[in-house]
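Engineer: build me a structure from this.
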Amino acid sequence: MTNAVKTGEGMSLKPKHVNFDESWKRLSATLESVMSGNKMDSNSWNGRFSDIYGLCVAHPEPLCDRLYASTKQFFENRVHEILKRLMQAGEENLLPTYYDYWQEYNQGAEYLHQLYRYLNAHYIKKQKVNEVDMNYGGFMFDANEQMLEIGELALESWKRFVVEPIRHVLVEMLLEQIDRVRRKDGITMSPMIIQGIVLSFVEVERFKSRNPLKYYEDIFEGHLLEMTSQYYYQEALKCVDQCDCRNYVIRALQYMTDENILCKKYLNASSFEKVVHEYQRRLVQDHLQFLHNECRILIQREIREDLSNMYRLLHPLHNGLCILIQEMENHIKQTCLEAIQSLEVENISQQYVESLLLIHTKYSELISSVLNSDSQFVSALDKACAAAINTKPNTRSGVCRAPELLAKYIDCLLRRSFKGMTESETDDKLSSSLRIFKYLNDKDVFSRFHAKLLAKRLIYGLSYSMDAEEGVITHLRQICGYEFTNKMQKMFSDMKINVDLNNKFSASLREGRTPVDLGVNFSMLVLQTGAWPLAQGGLPTFAIPQELEKCVQMFESYYLRNYTGRKLAWIHNFCQCEVKMNYPKSTYFATMGTFPTGILLQFNSASQLSLRELQEATMLPEGELRRQTQMLVDGKLIVSEEASLATTFRVNMEYNNKRMRFKIMSTQKDVAQESEQTLAAIDEDRKLYLQATIVRIMKARRALKHNLLIQEVIAQSQGRFAPSVSHIKKCIETLIDKQYIERTKDSSDEYRYIA
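Structural biologist: Numbers count the residues shown, from 1 in each chain. Down below sits the predicted model:
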């Protein structure tokens, strides 16, 4: 059946006299045929377009009013006949009979709306009262007399003369069918019929631009929601009495699945969320305390199926997951703390990092697979790990060791200190370990320890891969910015420059006028003062052994000749020597620092020396000399006689070692002392950083309240460390004493920048 107007051959659009009765006779027959669902040939259909056009432009007066009134009467007669047949169908056949008549009538109304397109556009729309006039026009009108487009007129007739008289019976029967579906109580009517009737309440208002669902909501949806609420209220009470929490959740989820299917098969889409809200309110919201009480047990047992079910049930509810999230956070934090407390002293850095990574990986996978990678649980994992990692021990120092342990673990990986690990495994562990870094509050502590260990690896050539070293720096820069890694990057630059510097120095010795033989293999590193974490102040005095004096003098002469305006300061305690020791039974090669090397070389000219004689020869302070000689005694290279200033030492001529090459290392006590010095230096750095931050803020703001200044400082410092308020207050007082800022005269809690 076509929906387009076609002008047949010989058809004229010129207005002319029209016999209304004859035209209406042809038109009414077509209307009857269309509303009965009969097929029509295209010529007859096109002829009716012409009849309607002719009536609308008839001469001398258009017949639009009579056409509209006759069409309206036709619809009313039609629906009255349908209502009569519905009343005769009986209750058992009412719903299917209504559905059949509705489908036929609705389809016919749609076709007739297209057939009357000219009347709709050129007459009815001009006669209709628009929404502005209805709301603000200031005149009275009868809504029942409002002129409607033909499609809307047909549906309005259906609503007034079919639905309204039997709506209570219809709605009651529909609700009964839906209730039987929910209870799985016997054979129910076809879902197509039920949904078709429900949608008819929506379709009759489809031409309305405002609140097209109001009629549906008023006569059906409200009763449906009330029935749904009551049904699930009773079911919830029954489940609570009969089931434990686990089985209650399972049954509630089954109800949810069944209800979703029911909504899609029987209801209008606009009702889905409202029905879901009702069963969530009755099954979940009303029993939220009962469900939340089970959350801790579920988290502790970590039964994945039960966790997944609880998550699916609580997730749609506003704040339904809050207790589950909090319990998850507490559980992960407690698991991390227990793992940290159970660590053994030996190889603690590896145990610390790998145990935390194991926990993080475990719960990341659980959140991904069981909790749908919910961002709230990911955040809970991050908070729990951060809280555990930054927990300070109940010791006298009260210092969080996480930054130091992480730095040492990365140091071991970059040195390849862990045996039986391939390069690929090392890279994977290195990448994983950096996940811990993002949780650290005291990133400046990690930076200081990492920089110190990096310096040692670079100076002593201990890194297994420079690419891996630079990869770590790149990762840190991505997290904390360029300033955080600026000095570390300069350390790498220095190492590259020193390769070329050593080559040029060696070439100058070989290619000079008089080739020079230093007598030893000698290389040096020239390092920028501000880039390397090497203390230059308070270094012990030391007399360079005669065997090395020539090397030092030649390099100083070469360097100062080629790089004017620079000053060299030798840091002997970072130097390393390989000493060849000729014993009667065997020859050994020992790698050690410059201080123990200088002590051992004194025994080339004497078989036995006192502590005083060694001090005079090396110029080392007594405390440092005792520490170095004790290290040689512990290594069994020399033997001591007494424990006073008159103590004498001699070479252990009976020395024996399975290894031909070995190292003389610093004691654990020295490492601990170095760690304490590093922490002290960090405290000093923090004071300077906070003071610089305060000055920068006050210079920009000129004047600022105390609390706002504290907040600004904390916000700008969080990327490096978490400063305490008391620490910030001390820095403010220091800057007041230094006259960078001052308290304003009008307010004691406001500061002003002094230009």
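Engineer: and after the helix or strand hosting L735, which helix or strand comes next?
Structural biologist: Per DSSP states H and E: L735 is located in helix 725-737. Sequence-wise, the next helix or strand downstream of helix 725-737 (DSSP H and E) is strand 741-743.
Engineer: now name the helix or strand holding H318.
Structural biologist: Remark: H318 resides in no helix or strand, with elements defined by DSSP H and E.
Engineer: state the pLDDT value of D306.
Structural biologist: pLDDT recorded at D306 is 93.
Engineer: what about the host helix or strand of it, distance to the chain center?
Structural biologist: Element membership for D306 (DSSP H and E) is helix 304-314. Centroid separation for helix 304-314 versus its chain: 21 Å, with C-alpha atoms, centre = their mean, to the nearest Å.
Engineer: ramachandran coordinates for the closest residue to Q195 other than its chain neighbours?
Structural biologist: Distances taken as C-beta to C-beta, 6 or more residues apart in numbering place Y266 nearest to Q195, at 5.1 Å, with adjacent residues excluded. Quick note: C-beta positions are derived from backbone N, CA and C, even for glycine. Dihedral pair for Y266: phi -120, psi -20, per degrees, to the nearest 10.
Engineer: contacts only, for Y266.
Structural biologist: Applying C-beta atoms under 8 Å, 6 or more residues apart in numbering to Y266 gives the contacts I178, V181, P191, I194, Q195, V198.
Engineer: in the helix holding L735, what's buried?
Structural biologist: For helix 725-737, burial by neighbour count (16 or more other C-beta atoms under 10 Å) applies to H727, I728, C731, I732, L735.
Engineer: as PDB, could you dump the C-alpha coordinates of that helix?
Structural biologist: Extracted as PDB, the C-alpha positions of helix 725-737 are listed here (Å, rounded to 0.1, in the frame of the first residue of the first chain):
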ATOM      1  CA  VAL A 725      52.600  20.800  59.800                       C
ATOM      2  CA  SER A 726      55.000  21.300  62.600                       C
ATOM      3  CA  HIS A 727      57.900  21.100  60.200                       C
ATOM      4  CA  ILE A 728      56.300  23.700  58.000                       C
ATOM      5  CA  LYS A 729      55.700  26.000  61.000                       C
ATOM      6  CA  LYS A 730      59.400  25.800  62.000                       C
ATOM      7  CA  CYS A 731      60.400  26.700  58.400                       C
ATOM      8  CA  ILE A 732      58.000  29.700  58.500                       C
ATOM      9  CA  GLU A 733      59.600  30.900  61.800                       C
ATOM     10  CA  THR A 734      63.100  30.500  60.200                       C
ATOM     11  CA  LEU A 735      62.100  32.600  57.200                       C
ATOM     12  CA  ILE A 736      60.700  35.300  59.500                       C
ATOM     13  CA  ASP A 737      64.000  35.400  61.400                       C
END
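Engineer: so A388, which of the three states?
Structural biologist: Using DSSP: H, G, I helix; E, B strand; the rest coil, the structure places A388 in helix.
Engineer: if I look at it, how far off is N707?
Structural biologist: Using C-beta to C-beta, to the nearest Å, A388 is found at 30 Å from N707.
Engineer: out of the two, which sits in the more crowded spot?
Structural biologist: More crowded of A388 and N707, by other C-beta atoms under 10 Å: A388, with 21 against 10.
Engineer: quick check: closest non-adjacent residue to the more buried one.
Structural biologist: Among residues not flanking A388 along the chain, C336 sits closest, at 3.4 Å (C-beta to C-beta, 6+ apart).
Engineer: residues touching the one you found, list them.
Structural biologist: By C-beta under 8 Å, 6+ apart, the contact list for C336 reads L356, I359, A384, C385, A388, I389.
Engineer: A531 now?
Structural biologist: Taking C-beta under 8 Å, 6+ apart, one finds K487, K490, M491, D494 in contact with A531.
Engineer: for burial, what's the neighbour tally of the first one?
Structural biologist: Translated: K487. Neighbour tally, K487, other C-beta under 10 Å: 16.
Engineer: ok, and the closest non-adjacent residue to it?
Structural biologist: A531 (4.7 Å).
Engineer: do A402 as well
Structural biologist: In space, and not counting its chain neighbours, A402 is closest to I389: 4.7 Å by C-beta to C-beta, 6+ apart.
Engineer: just the mean pLDDT for whichever helix in the chain runs longest, thanks.
Structural biologist: If each helix of the chain is counted by residues according to DSSP state H, the longest one is helix 668-701. Averaged across helix 668-701, the pLDDT comes to 81.
Engineer: next: stretch 729-738.
Structural biologist: 90.
Engineer: other residues contacting it?
Structural biologist: Residues contacting stretch 729-738 (C-beta under 8 Å, 6+ apart): K687, L690, Q691, I694, V695, L709, I741, E742, R743, Y751.
Engineer: mind checking how far the first one is from I728?
Structural biologist: So that's K687. Distance from K687 to I728, by C-beta to C-beta: 10 Å.
Engineer: could you do the fourth one as well?
Structural biologist: I694 sits 8 Å away from I728, going by C-beta to C-beta.
Engineer: need the residues touching each of these two.
Structural biologist: In contact with both I694 and I728: V713, using C-beta under 8 Å, 6+ apart.
Engineer: of the contacts of stretch 729-738, buried ones?
Structural biologist: Neighbour-count burial (16+ other C-beta under 10 Å) is assigned, among the contacts of stretch 729-738, to L690, Q691, I694, V695, L709, I741, Y751.
Engineer: circling back: tell me which strands and helices the helix holding D306 is in contact with?
Structural biologist: Helices and strands touching helix 304-314, as assessed by 3 or more C-beta pairs under 8 Å, 6 or more residues apart in numbering; DSSP states H and E, comprise helix 245-266, helix 288-292, helix 295-301, helix 322-341, helix 348-370.
Engineer: quick one: closest of these to I82.
Structural biologist: Each of the helices and strands packed on helix 304-314 has some distance to I82 by C-beta to C-beta; the shortest is helix 245-266, at 23.5 Å.
Engineer: quick one, the closest one and helix 304-314 angle?
Structural biologist: Orientation of helix 245-266 against helix 304-314 (axes from the mean of the first three to the mean of the last three C-alpha atoms, to 10 degrees) gives an angle of 50 degrees.
Engineer: and the next element down the chain from helix 245-266?
Structural biologist: Immediately after helix 245-266, counting by DSSP H and E, sits helix 272-283.
Engineer: any idea of the mean pLDDT in that next one?
Structural biologist: Here helix 272-283 scores 93 as its mean pLDDT.
Engineer: likewise for stretch 225-238?
Structural biologist: On average, stretch 225-238 scores 94.
Engineer: stretch 313-326 now?
Structural biologist: 92.
Engineer: in that stretch, what counts as buried?
Structural biologist: L313, L314, L317, G320, L321, I323, L324, I325, Q326.
Engineer: of all these, which two lie farthest apart?
Structural biologist: Within the buried residues of stretch 313-326, L313 and Q326 form the most distant pair, 17.0 Å apart (C-beta to C-beta).
Engineer: for the contacts of stretch 729-738, give me CSV that also has distance to L291.
Structural biologist: Shown next, in CSV, are the contacts of stretch 729-738 (distance: C-beta to C-beta, whole Å):
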residue, distance to L291
K687, 51
L690, 47
Q691, 52
I694, 50
V695, 54
L709, 46
I741, 55
E742, 58
R743, 55
Y751, 52
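Engineer: nearest to C480 among these?
Structural biologist: Relative to C480, and with distances defined as C-beta to C-beta, the nearest of those is L690, at 17.3 Å.
Engineer: quick check: chain neighbours aside, which residue is closest to that closest one?
Structural biologist: Nearest residue to L690, sequence neighbours excluded (C-beta to C-beta, 6+ apart): C731, at 4.3 Å.
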